[in-house]
Structures are given as C-alpha cells and as structure tokens.
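>>> Can you look at this prediction? I've put the sequence above it.
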Amino acid sequence: MSDTRMRAPRRWPAVVAAGALTAAVVATGAGVAVAADEDRDRARSGQGRANNVILFIGDGMGAAHRNAARLAGVGLEGDLVMDSLDYAGLIKTDAADPNGFITDSAASATSYATGVKTYNGAIGVDVNNNPVQTLIERAESAGKATGLVTTGQVTDASTAAFGAHVENRSEQTEIARQYIEETGVDVLLGGGEDFWYPAGDPGTFPDAPAEDPAEGSRSNQGNLVQRATDEFGYQYVTSPYELTAANGEKLLGLFANQEMFQQRPEGQGDIYDPVVSLEEMTRKAIETLSQSRRGFVLIVEEEAVDEMAHSNNAQRTIDTVLELDKAVAVGKQFAEQDGRTLVITTADHETGGMAIEDTGSNDESGDGVSAEDGPFPVAGSAFSFNVDWTTTGHTNVDVPLTAMGPGADRLAGVHENTFVHQVMLESMFRARPGR
Ligand SMILES: [Zn+2]
C-alpha cells in the first residue's frame, strides 16, 4: 500500500463487531459507505465490477468435509454460511507435475494465484520456474490493499503462492522476506514465527515447547520481524489484545511458532485452540484493508482442515470447517453491505478420501489410523453418522466452490482451478465480455 493512497475514514468494523450493522449504519449515518440498492442487486446477479475479492480456502476441504460439518453443526435442515452463497461450482485441481497429477497445496494455490498450472511444491512459478505475476501483485500495482490470513504458517504454501515466487515451498524465510520487501502485502496474520527469527532468538514464542519440541527459530536471513517494523512500517502483534488494538495500515501478526494448532490423530495430542480465531483475524484484516478506497484482495485459509484430515481425525476436521464457516460469515456480511465484493469459498484439493456413512459396524476401509470415526450426532435429530477415510494423503476428486458478488455467476459449472484466477482478476480489472 503506498503512503499516498487516499484513506477513507474507518467505517464498518465497529458495527460489524457489534453484530448490528444495519441499525448502526442508520444511527451513525455520515461517512458510512453502504452500497446502493442497485449495486447490491447487480452483485446478487453476479454482475458489476468488483472492488474487492475475498477468497476463502479450506485446505483439503472436499464435499464430504463440508457435508460432515453441516450435519454436525446445523443438521439436515440447516446450511453452512459457505453453502448459502449464491452460486456453486466444482473445481478440477490437477497439477502439471511430471511425477503425478494429484496436486499439493503449493501447485493448486499457484493456479489460483497466477492462472497457470505448475508442479507440486512450486510457489508463484510456472513449470519452468519462471515467476508469474500473482493476483496480489496485480492488486498492489493497481493501488489496492492486500492481505494473507491463515491458521497455518503465513509463509506456507496456500498463502505463499499469492505473495512470493520460489521454486520450493520449504523456503519459508525467503517467502517472508519477499512478502515484506518485494510484494508489500499489507496484512499478514497467522503462524510460523520460527521463519522470521534467526536460531538462538526465540521471539515471542519459546523454542522447543512441550507440545512440539521440534519447533524453534530458523531464519537464515536475520530478524525479519525487526526489518518489517523498522524498514517497512508494519505494526507487529502477537496476542489477541494487540491484534484488537492494532490500527496501522500495515499489520504483521504471528501467533505461533508453526501452525496455530497441533495436528495429530485423535487423543494423541491433537489441539485446535488458536490464540486468536480465524474469524477474529478475518475481521481485523477486513477492517484494516477496507480503509483502502481502491479496494482490496484478501486470502483467508483454514489450514487445519487439511492437517486434521491427513491425521484422519474426523472430529477436528469437522471443528475446523465450522471455524472456517465463522470467518466466511464475516466476509459475507461485509460483502452484503459493500455490494462490490466477490466472495469465494473453495479448497485447493481434497484430503483423506473422506466419506460419510451410517453407523453400522462394518468398516470397509480397514483399521489403523484410517478406521471409521464416530458416531457423530446429526444436530437437531436422533440420527448419527460415521466418517470413513481411504487415505492419509490428497485425492483428485473435484472440490466444491461457492461464491457471491460480481463475477460469481461465471463460477457456476465445472472449471479448472486456473479459471478461478481468471474470474477473480477480470471481476476487478476488466469489463466482462458481452456486457
Ligand atoms: Zn492443501
């Protein structure tokens, strides 16, 4: 974000936090940019120009993950917020990798970020390792504000592909450096503090904690937190209180050494209790970025869906889809008021080969970690269901996408992940063909 950008007065966050947006808008009046009815009608039909894009990624979140969360969370008659958006489609996730077509998070995120297919492990580069301009770089060049939010390491694949170019996703310190020094991402919230501090300087979160002794600072490029604050004007926060109080235009928040949770099989030290919730991080990101009159691009990822599904941990997988849904609700509420925001909820691939079954005792997929989990009560009914798993890895099944706002109608149907990039880009920067 440039220093010369015109800033609108801070407007909606306080009222959203109060959960009474309409009443507060009426009460406060001046300076509140509420979409005209016609803008909202156009957005509802998928038409018009998007000022903002918010992409929610449930890492590894296939149809069964959404379905299990719906059953456990709101029951047979209910809808997740993510399933209440106006348009739905299916996304093909194949990678362009010489060793296999089943994607990892890096290749798929690079397709969403850049519109090209690439190899597994690639971050913002094509199959020949050439950097490809990302959605966030394009937005920055147009004067928009940008943000990356995740419960994983903020430098891990799904967010990294939008703000950096490296040949291997493991180069997380270099990814951090590029975020602050080259791309200039305005809001960075998540885990992964270990990649920002050199060995011997633990930062805020102690090295080798009891819950995971392997964690510890490991930057090979010095203290990047200090560089972010001293040279690039970021406000740095590490606690819920500091996050709430933050008021800078550029915000760096790191809330864990690595992931903001511990991914393990059931009862083996699995923990999902982030210091700050994905919902809170999303709210703060929108509050900060929406001060930009030229709009913003925000990527929000729930990394734990994938990690818990890799552990074939159904309870935690369900919990984390529901956590993502709370964040989607924040984005949807903003978009409904704003009328010029494209909101998309999808995944990068499916993880676990997850299935929803009856509670019979016949386990078709065998025992061990992939044994059936459950029974889980269906909310508001006398029914229960089991979850079965067929792999601890990724699968190739298409992932659901739901969307609202300008451009969302184009996402109905079955599309490549690269097409999602095209729609996000064109919804903001190009007139729609034939309209
Ligand atoms: Zn993934």
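Noted; the coordinates are in hand.
>>> List every C-alpha atom in stretch 385-398, with coordinates, as PDB.
The C-alpha coordinates for stretch 385-398 follow below in PDB (Å, rounded to 0.1, in the frame of the first residue of the first chain):
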ATOM      1  CA  PHE A 385     -23.200 -40.700  11.200                       C
ATOM      2  CA  ASN A 386     -19.700 -42.200  10.900                       C
ATOM      3  CA  VAL A 387     -16.800 -40.800   8.900                       C
ATOM      4  CA  ASP A 388     -14.600 -43.200   7.000                       C
ATOM      5  CA  TRP A 389     -11.200 -42.500   5.400                       C
ATOM      6  CA  THR A 390      -9.500 -44.100   2.500                       C
ATOM      7  CA  THR A 391      -6.100 -42.400   2.600                       C
ATOM      8  CA  THR A 392      -3.900 -40.100   4.700                       C
ATOM      9  CA  GLY A 393      -3.000 -38.200   1.600                       C
ATOM     10  CA  HIS A 394      -4.600 -36.000  -1.000                       C
ATOM     11  CA  THR A 395      -7.100 -37.200  -3.600                       C
ATOM     12  CA  ASN A 396      -8.000 -35.900  -7.100                       C
ATOM     13  CA  VAL A 397     -11.800 -35.500  -6.500                       C
ATOM     14  CA  ASP A 398     -13.200 -32.200  -7.600                       C
END
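>>> quick one: it to chain centroid distance?
Its chain's average C-alpha position is 21 Å from that of stretch 385-398, according to C-alpha atoms, centre = their mean, to the nearest Å.
>>> Skipping its backbone neighbours, what lies nearest the spatially most central residue of the chain in space?
The centroid of the chain falls nearest to Glu301 when counting by C-alpha atoms, centre = their mean (1.8 Å). The shortest distance from Glu301 to any residue other than its chain neighbours is 4.0 Å, reached at Thr150 (C-beta to C-beta, 6 or more residues apart in numbering). The C-beta positions use only the backbone N, C-alpha and C, and glycine is treated the same way.
>>> Please see if the helix or strand hosting the residue nearest to the centre of the chain touches the ion.
Here Glu301, judged by DSSP states H and E, is contained in strand 296-302. No - in terms of C-beta under 5 Å from the ion, no part of strand 296-302 sits within range of the ion; the closest distance is 8.8 Å.
>>> pLDDT (mean, whole number) over that strand?
Per-residue pLDDT values over strand 296-302 give a mean of 98.
>>> other SSEs contacting it?
strand 52-58, helix 135-141, strand 145-153, helix 157-163, helix 278-289, helix 314-338 (3 or more C-beta pairs under 8 Å, 6 or more residues apart in numbering; DSSP states H and E).
>>> and after the last one, which helix or strand comes next?
So that's helix 314-338. strand 341-346.
>>> how many other residues sit next to the spatially closest residue to Arg283 that is not a sequence neighbour?
Nearest non-adjacent residue to Arg283, counting by C-beta to C-beta, 6+ apart: Val330, 5.1 Å away. Val330 has 25 neighbouring residues, counting by other C-beta atoms under 10 Å.
>>> Surely Val330 touches Leu278?
No - in this structure Val330 lies outside contact range of Leu278 using C-beta atoms under 8 Å: 9.3 Å.
>>> Identify the residue spatially nearest to whatever residue of the chain ends up closest to the ion, adjacent ones excluded.
Closest to the ion within the chain is Ser105: 2.9 Å, counting by C-beta to the ion. Distance criterion C-beta to C-beta, 6+ apart; nearest residue to Ser105, sequence neighbours excluded, is Ala157 at 4.0 Å.
>>> Could you check how many residues crowd around that neighbour?
Neighbour count of Ala157, defined by other C-beta under 10 Å: 28.
>>> Please look at it and Ala109 and confirm they touch.
Yes - judged on C-beta under 8 Å, Ala157 makes contact with Ala109 at a distance of 5.6 Å.
>>> intersection of neighbour lists for the two?
Listed as contacting both Ala157 and Ala109 by C-beta atoms under 8 Å, 6 or more residues apart in numbering are Ile123.
>>> Next one: the nearest residue to Ala379 once chain neighbours are set aside from Phe385, what distance?
Once flanking residues are discounted, Ala379 sits nearest to Gly75: 3.7 Å by C-beta to C-beta, 6+ apart. Shown here: Gly75 relative to Phe385, a distance of 11 Å by C-beta to C-beta, to the nearest Å.
>>> again with Lys326
22 Å.
>>> buried stuff in stretch 232-251?
Residues of stretch 232-251 classed as buried by neighbour count (16 or more other C-beta atoms under 10 Å): 234-238, 243, 246, 249-251.
>>> so how far is stretch 51-70 off the chain centroid?
Offset of stretch 51-70 from its chain centre (C-alpha atoms, centre = their mean): 9 Å.
>>> what comes up buried for that stretch?
Quick answer for stretch 51-70 (16+ other C-beta under 10 Å): 51-70.
>>> ditto for stretch 348-361
Those would be 348-357, for stretch 348-361 by 16+ other C-beta under 10 Å.
>>> Look at Glu364 and say how many residues are nearby.
For Glu364, the tally of surrounding residues (other C-beta under 10 Å) stands at 10.
>>> How about the secondary structure of it?
coil (DSSP: H, G, I helix; E, B strand; the rest coil).
>>> what pairs with the nearest residue to it once chain neighbours are set aside across the strands?
Of all residues not flanking Glu364 in the chain, Asp388 sits nearest, at 6.7 Å (C-beta to C-beta, 6+ apart). Residues in a beta bridge with Asp388, per DSSP bridges, are Ala355.
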